[in-house]
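Peer 1: structure for the following, please:
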Amino acid sequence: MLLATLAAVAVWYVWRWWFLERGRGRWREVRPADFAIGFGTNFFDTLGIGCFAPTTAIFKLQRRMPDEQIPGTLNVGHALPTLTEALIFVAIVTLDLTTLVAMVIAAVLGAWLGAGVVARAPRRVIQLGMGVALLAAAALLLAKNLAWLPAGDGAAVGLQGGWLVFAVCVNCLLGALMMLGVGLYAPCLILVTLLGMSPLAAFPIMMGSCALLMPVGGVRFVRAGRYNAAAIGLALGGIPGVLCAAFIVRSLSISWLRWLVLVVVVYAALLMLLPARGRAR
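Peer 2: This next block holds a predicted model:
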């Protein structure tokens, strides 16, 4: 049922993106580097690095677009590669249907509400929000690199009662934060692990949530015109990156890359926060 929903959402998203953009000629602004960024970030996203923070860092270093366009570009461009990831990986993990559906719907609702706020937010608010988000991502990367995160030895495949309500509320918040550029994978994995579930059970929740919330939020950014043409390169380059990582490479020693990403993400956070601090003065 979830796979059929994901496939239908992918078709709807492509049609809706094309319908809203027809006649604008935005594809002419795409650069070859955008395809390479899409391939690389989604390749390593499939292997567990994440794509939002590295992509933000690259765009800041390139000065590719105004800061207020970055959240929309991330959600619009990475939506189709994330749907591809979900279609590949969701089918192999067993999970309680009520827990999965409730948490995915909550994330989508949070994304729909969050996208409406972010699409209208001024540049300084976006800079402050993304700067803090990048620092939070860096903290999670550091915790992961130093093995400070929960070991994850739970075996549950579902939640009930108050714990399910709590998890649904948190996932709704994470869906809203996704629209600001805060990756959902790591916080969701920590949440599921702390609630006693198997870490493996987090994968359908993480990928199903992102695969459905990113198109919903992405369409709002497209309608508002609050994104950059680089999103087209992220989408078209990202899908082959996912397929290559999933079916050809499958596993790779990337511990050194996590430290490199950590340094770059902290640097990008400073690039976001310093201009916002200057405007406040």
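Peer 1: for the rest of this, base every contact and every neighbour count on C-alpha atoms.
Peer 2: Fine.
Peer 1: for stretch 107-127, what is the distance to the chain centroid?
Peer 2: Distance, stretch centre to chain centre, for stretch 107-127: 14 Å (C-alpha atoms, centre = their mean, to the nearest Å).
Peer 1: what's the span of that stretch, first residue to last?
Peer 2: The first residue of stretch 107-127 is 23 Å away from its last residue (C-alpha to C-alpha, to the nearest Å).
Peer 1: who's in contact with that stretch?
Peer 2: Outside stretch 107-127, the residues that touch it by C-alpha atoms under 8 Å, 6 or more residues apart in numbering are 67-68, 71-72, 168, 171-180, 209-210, 212-214, 216-218, 220-221, 224, 226, 272-273, 275-276, 279.
Peer 1: which parts of the stretch 51-200 of the chain are helices?
Peer 2: Using DSSP state H, counting those that start in this stretch, the helices assigned to the stretch 51-200 of the chain run over residues 52-62, 70-89, 97-118, 123-145, 161-178, 185-194.
Peer 1: can I get these in a markdown table with mean neighbour count, distance to Ala230 and mean pLDDT?
Peer 2: A markdown table is the format used below for the helices of the stretch 51-200 of the chain (neighbours: other C-alpha atoms under 10 Å; distance: least, C-alpha to C-alpha, whole Å; pLDDT from 0 to 100):
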| stretch | mean neighbour count | distance to Ala230 | mean pLDDT |
| --- | --- | --- | --- |
| helix 52-62 | 20 | 9 | 86 |
| helix 70-89 | 26 | 7 | 89 |
| helix 97-118 | 21 | 19 | 85 |
| helix 123-145 | 20 | 18 | 74 |
| helix 161-178 | 20 | 18 | 87 |
| helix 185-194 | 20 | 23 | 77 |
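Peer 1: for Phe247, which of those is the nearest?
Peer 2: For the helices of the stretch 51-200 of the chain, distance to Phe247 was read as C-alpha to C-alpha. The smallest value, 9.6 Å, belongs to helix 70-89.
Peer 1: does anything pack onto the closest one? Which helices or strands?
Peer 2: helix 2-21, helix 32-46, helix 52-62, helix 202-224, helix 230-244 (3 or more C-alpha pairs under 8 Å, 6 or more residues apart in numbering; DSSP states H and E).
Peer 1: report the buried residues of stretch 40-49.
Peer 2: 40-47, 49 (16 or more other C-alpha atoms under 10 Å).
Peer 1: identify the residue with the minimum pLDDT among these.
Peer 2: Lowest pLDDT within these is found at Ile49 (74).
Peer 1: next, that residue: secondary structure please.
Peer 2: Taking DSSP: H, G, I helix; E, B strand; the rest coil as the rule, one finds Ile49 in the coil state.
Peer 1: please report how far it lies from Phe43.
Peer 2: Taking C-alpha to C-alpha, one finds Ile49 at 9 Å from Phe43.
Peer 1: for Arg64, grab the count of nearby residues.
Peer 2: 15 (other C-alpha atoms under 10 Å).
Peer 1: and the residue nearest the centre of the chain?
Peer 2: Gly183 (4.5 Å; C-alpha atoms, centre = their mean).
Peer 1: and for that one, nearest residue in space, chain neighbours not counted?
Peer 2: Nearest non-adjacent residue to Gly183, counting by C-alpha to C-alpha, 6 or more residues apart in numbering: Phe52, 6.0 Å away.
Peer 1: so that neighbour makes contact with Gly181?
Peer 2: Yes. Counting by C-alpha atoms under 8 Å, Phe52 touches Gly181, with 6.2 Å between them.
Peer 1: chain center to stretch 76-95, what's the gap?
Peer 2: 12 Å.
Peer 1: can you pull the pLDDT of Pro240?
Peer 2: 95.
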